[in-house]
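Visitor: Just a sequence and a predicted model for now, questions to come.
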Amino acid sequence: MRIVVKVGTSTLAYATGRLNIRHVEELVKTLSDLKNAGHELILVSSGAIGMGVGKLNLPGKPSDMPTKQAAAAVGQCELMYTYDRLFSQFNHTVAQLLLTGEDIDHEDRRHNFENTLRRLLELGVLPIVNENDTVATAEISVGDNDTLGAVVACSAQAELLVLLSDIEGLYTADPHRNPDASLIPVVKEITPEILSLAGCAGSALATGGMTTKLRAAQMATEKGCDMVIANGARPEVLYAIVAGQPVGTRFVARH
Ligand code: GLU
């Protein structure tokens, strides 16, 4: 199976911006094992800005563009250094692909990206994708990595997109405020009612929330790709998700 896994800043780093070693190590181990089992994997990883904040000892997520971009430049190095080191322990080679919204909208550039992705998979490499935050201003950016995950899943013609986040999945109401909120295990159709459940969740260093996840689900399922939202605190849940077991919320592909 060709699988795209998107992992959010809240899974990779603490609120301080420092690496969550346990989460990252378990994620790398699980992905390596799934790759050994014969699956093709692509990782869409956030965390560049968050880890830059940690490394530069900044007080929080920067609000001005140059500091944000500087943090991303520092954090992206840290991120890839960490992945390269950890994946090598399991004999896997990683590659870095940095994109902006313009690259995706531009037919030739998108085509180049797809060719590179295909070749990397043929070569047995694990591609790691992020937004090119050092050049992506609001006008030309994808904006959030949930959408980027869906774009990558569509480009790669993946069968499964998994969004690992700090929530279990889609709830009938905001679970932080409503004790009666229950997890929705399967969504067969993204109706206006489902879209109205989005709320405006999101943590301090992250970008997306449920709105961007539902948009990603629309994009992926329309192209025949299942999408699952699950909690990244236990990356081993990927085994059950890949096996089709009920974990988090699964959005079923339309055809
Ligand atoms: N590209 C951003 C980063 O790596 C994250 C965007 C997102 O999480 O949606 O920090």
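Guide: Done, it's in. As the structure is a computational prediction, the values presented were derived from the model and not from experiment.
Visitor: residue ranges of the helices in the stretch 151-255 of the chain, please?
Guide: 192-195, 210-222, 237-242 (DSSP state H, counting those that start in this stretch).
Visitor: Can you give the distance from the second one to the centre of its chain?
Guide: In this view, helix 210-222 has its centroid 12 Å away from the chain centroid, taken as Cα atoms, centre = their mean, to the nearest Å.
Visitor: cool, stretch 176-186 as well?
Guide: The chain centroid and the centroid of stretch 176-186 are separated by 23 Å under Cα atoms, centre = their mean.
Visitor: end-to-end on it?
Guide: 21 Å (Cα to Cα, to the nearest Å).
Visitor: What of stretch 248-255?
Guide: 21 Å.
Visitor: Rounded mean pLDDT for that stretch, please.
Guide: Averaged over stretch 248-255, pLDDT sits at 94.
Visitor: One more: stretch 83-91?
Guide: Mean predicted lDDT for stretch 83-91 stands at 98.
Visitor: what about that stretch, near the ligand?
Guide: No: figure legend: stretch 83-91 not in contact with the ligand (Cβ under 6 Å from any ligand atom); closest approach 12.6 Å. Where you see a C-beta, it was placed from the backbone N, CA and C, and this is true even at glycine.
Visitor: If we go by neighbour counts, what in that stretch is buried?
Guide: 83, 86-87 (16 or more other Cβ atoms under 10 Å).
Visitor: So which of those is the closest to Ala233?
Guide: Among the buried residues of stretch 83-91, Leu86 lies closest to Ala233 (Cβ to Cβ), at 17.7 Å.
Visitor: Surely that closest one is in contact with Ile21?
Guide: No: between Leu86 and Ile21 there is no contact under Cβ atoms under 8 Å: 9.7 Å.
Visitor: For Ser45, list each beta-bridge partner.
Guide: Ser45 has these beta-bridge partners by DSSP bridges: Val7.
Visitor: residues near it, how many?
Guide: 27 (other Cβ atoms under 10 Å).
Visitor: let's number from 6 now, not from 1
Guide: Okay, using 6 as the starting number, the last item reads as Ser50.
Visitor: Within range of the ligand, give me the residues from this structure.
Guide: Residues of the chain lying close to the ligand by Cβ under 6 Å from any ligand atom are 13-14, 51-55, 135-136, 138, 149-150, 211-213.
Visitor: hmm, 5 Å instead?
Guide: 51, 53-54, 135-136, 138, 149-150, 212-213 (Cβ under 5 Å from any ligand atom).
Visitor: out of the helices of the stretch 156-260 of the chain, deepest packed?
Guide: Each of these was scored by mean neighbour count; the highest is helix 215-227, a mean of 22, by mean count of other Cβ atoms under 10 Å.
Visitor: what's the average pLDDT for that one?
Guide: Per-residue scores along helix 215-227 average to 95.
Visitor: Who are the packing partners of it?
Guide: Where contact means 3 or more Cβ pairs under 8 Å, 6 or more residues apart in numbering; DSSP states H and E, helix 215-227 is packed against helix 150-160, strand 165-170, strand 231-236, strand 254-256.
Visitor: I'd like the ones you listed written out as CSV, with mean neighbour count added.
Guide: Formatted as CSV, the helices and strands packed on helix 215-227 follow (neighbours: other Cβ atoms under 10 Å):
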stretch, mean neighbour count
helix 150-160, 27
strand 165-170, 28
strand 231-236, 24
strand 254-256, 25
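Visitor: need these in CSV with distance to Pro190, can you?
Guide: Shown next, in CSV, are the helices and strands packed on helix 215-227 (distance: least, Cβ to Cβ, whole Å):
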stretch, distance to Pro190
helix 150-160, 20
strand 165-170, 15
strand 231-236, 10
strand 254-256, 6
